[in-house]
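Asker: Prediction below, plus the sequence it came from.
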Amino acid sequence: MVVKMRDRRYDLIRVIAMGLVILIHAMDSVQLAPSLTNQIWKEAATTLIMLCNPLFFMMSGHFNLHFKGTKKEDYNQYYWKKVINIIIPLIIYQLIYYIVTVSLTGGFKTVKSFVHLFILNIFQNYVTTYFWFMYLLIAFLIAAPFLSKMLDQLSNTEQKIFMIVLIGIQVAGWLFKVVGINWGLNSYPFSGWLIYFLLGRLLETNNKSITQFERLLIIALVVVVNTLLLIIFPQSKAWGLFDLSPLYIILSVVMYNGLLNSRACRNLAGTKLTAILSRYSFGIYLSHGAVLLIIVPYLQQNHSIIGILLIFVSTYVIAAVVAISMDNLVIKPIRRLFYKMFILTN
């Protein structure tokens, strides 16, 4: 039997992306003194920090767009595993977040209203919180078995053409948006974060290497352009500079491939700390919002970069402790129970 070795590089990307998620929310928690210097620093940093979303979606595409099942049982097992490993932990952590928010706001009145609002939050309100990523990811995971079969039928050349079409249509739509035209050709699968999810699979066979100098040049170019646009044209915040603008797609792909191909990253990926943080990264992501709600009022006094770093480090450490505790005391027992109930194999 062939044993598939774990690719630790993705563990490191997961840890880096998780840190960036917490860092961007730590930045949002601190109001820096208004000045051109602070604005330049913040916009430049945001360009790099917001890479967390493309990195996560591309990584998810890499791991989930290889479904090979053909029988009904294969699909049943696939979807039950996603429910057990993703949806159930999500609901548990959403309940924790909900309890924290209710406790801080004093909004609890009756058990009925408590339950009703929680259900409403799960299906509607939490889409606009940091949980937004999960709602999109779950939709992609539902479609992943069918998208996998589609991509399996494409040759390497056809995959390259598909990737060019995906990006090309997105670029055209972005250019129209910049000049104030709402282009109608903006639907599945040529829009939104799905592009990065698909790129996670497409880049596996279309991975052109570039030199370190070229990579640094692209990073510097995108950072400078985004920063200048945000300073000179405040309306550019609505241009998707940190998600699906042409330059940001290029930056995301360059950074993703750069991390995978970097010798330094491969060395860091093999460390014990990376392995631990990666193992609990899902719980860290799901719990960090509740942690922020609790600690920010106490750490928000320092309106400086030091204040941001203090909130970031504190949140990451506390969220890691919460995730490790919850995973071992609550999530794993529930997961084992559901696996046993539905006769699934680990």
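Answerer: Yes, it's here.
Asker: and the helix or strand that contains I276, C-alpha only, in PDB?
Answerer: If you go by DSSP states H and E, I276 is part of helix 272-279. Below are the C-alpha coordinates for helix 272-279, written out as PDB (Å, rounded to 0.1, in the frame of the first residue of the first chain):
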ATOM      1  CA  LYS A 272       7.100  21.400  15.500                       C
ATOM      2  CA  LEU A 273       5.500  24.800  16.100                       C
ATOM      3  CA  THR A 274       4.300  25.000  12.500                       C
ATOM      4  CA  ALA A 275       2.800  21.500  12.800                       C
ATOM      5  CA  ILE A 276       0.900  22.400  16.000                       C
ATOM      6  CA  LEU A 277      -0.400  25.700  14.800                       C
ATOM      7  CA  SER A 278      -1.500  24.200  11.500                       C
ATOM      8  CA  ARG A 279      -3.300  21.300  13.200                       C
END
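Asker: Tell me which residues of it come out buried.
Answerer: Buried residues in helix 272-279, counted by 16 or more other C-beta atoms under 10 Å: 274, 277-279. Where C-beta positions appear, they are placed from N, C-alpha and C, glycine not excepted.
Asker: cool, stretch 292-299 as well?
Answerer: Buried-residue list, stretch 292-299, by 16+ other C-beta under 10 Å: 292-293, 295-296, 299.
Asker: hmm, which two among those residues are most spread apart?
Answerer: L293 and L299 (12.0 Å; C-beta to C-beta).
Asker: Sketch out the low-pLDDT regions of the stretch 101-250 of the chain for me.
Answerer: 107-108, 186 (pLDDT under 70).
Asker: So Y188 versus Q235, what's the distance?
Answerer: 28 Å (C-beta to C-beta, to the nearest Å).
Asker: make that K332, sorry
Answerer: When K332 is compared with Q235 (using C-beta to C-beta), they lie 48 Å apart.
Asker: same question, V222
Answerer: Counting by C-beta to C-beta - V222 and Q235 are separated by 19 Å.
Asker: Over to L32. Which of the three states is it?
Answerer: coil (DSSP: H, G, I helix; E, B strand; the rest coil).
Asker: Quick check: phi and psi at it.
Answerer: L32 has phi and psi values of phi -70, psi 150 when expressed as degrees, to the nearest 10.
Asker: where's the residue nearest to it when sequence neighbours are not counted relative to Q235, distance?
Answerer: With sequence-adjacent residues excluded and distances taken as C-beta to C-beta, 6 or more residues apart in numbering, L32 is closest to N38, at 4.5 Å. Noted for N38: a distance of 20 Å to Q235, by C-beta to C-beta.
Asker: the more surrounded of these two?
Answerer: Ranked by neighbour count (other C-beta atoms under 10 Å), N38 and Q235 place N38 first, with 14 against 10.
Asker: That one contacts Q31, correct?
Answerer: No. Between N38 and Q31 there is no contact under C-beta atoms under 8 Å: 10.0 Å.
Asker: quick one: the helices in the stretch 51-200 of the chain?
Answerer: With DSSP state H, counting those that start in this stretch applied, the stretch 51-200 of the chain shows helices at 52-64, 72-82, 88-105, 111-123, 132-152, 156-178, 194-202, listed in chain order.
Asker: check contacts around N182.
Answerer: Residues near N182 by C-beta atoms under 8 Å, 6 or more residues apart in numbering: F176.
Asker: and it, backbone torsions?
Answerer: Torsion angles, degrees, to the nearest 10, at N182: phi -90, psi 90.
Asker: Give me the neighbour count for N64.
Answerer: Neighbour number of N64 under other C-beta under 10 Å is 21.
Asker: scratch that, H66
Answerer: H66 has 14 nearby residues by other C-beta under 10 Å.
Asker: ditto for L199
Answerer: 23.
Asker: From F67, how far off is it?
Answerer: From L199 to F67 the distance is 17 Å (C-beta to C-beta).
Asker: same thing with I92?
Answerer: Counting by C-beta to C-beta, the gap from I92 to F67 is 26 Å.
Asker: Likewise for R9?
Answerer: Taken as C-beta to C-beta, the span from R9 to F67 is 22 Å.
Asker: Which residue is the nearest non-sequential neighbour of F131?
Answerer: F131's closest residue in space is Q94 (C-beta to C-beta, 6+ apart), at 6.6 Å.
Asker: Might one say that L230 is in contact with K237?
Answerer: Yes. Counting by C-beta under 8 Å, L230 does reach K237; the two are 6.6 Å apart.
Asker: Who has more neighbours out of these two?
Answerer: Remark: of L230 and K237, L230 carries more neighbours, 22 against 12, as counted by other C-beta under 10 Å.
Asker: Next, give phi and psi for that one.
Answerer: Per degrees, to the nearest 10, the backbone of L230 is at phi -70, psi -30.
Asker: which residues touch it?
Answerer: 39, 43, 236-237, 241.
Asker: Okay, the most far-flung residue of the chain relative to its centre and S60: tell me how far apart.
Answerer: Relative to the centre of the chain, the most outlying C-alpha is that of T110, 35.2 Å out, by C-alpha atoms, centre = their mean. From T110 across to S60, the span is 39 Å (C-beta to C-beta).
Asker: Just list the residues touching L151, thanks.
Answerer: With C-beta under 8 Å, 6+ apart, L151 has these contacts: 65, 159, 198, 201-202.
Asker: same thing but 7 Å
Answerer: 65, 159, 201 (C-beta atoms under 7 Å, 6 or more residues apart in numbering).
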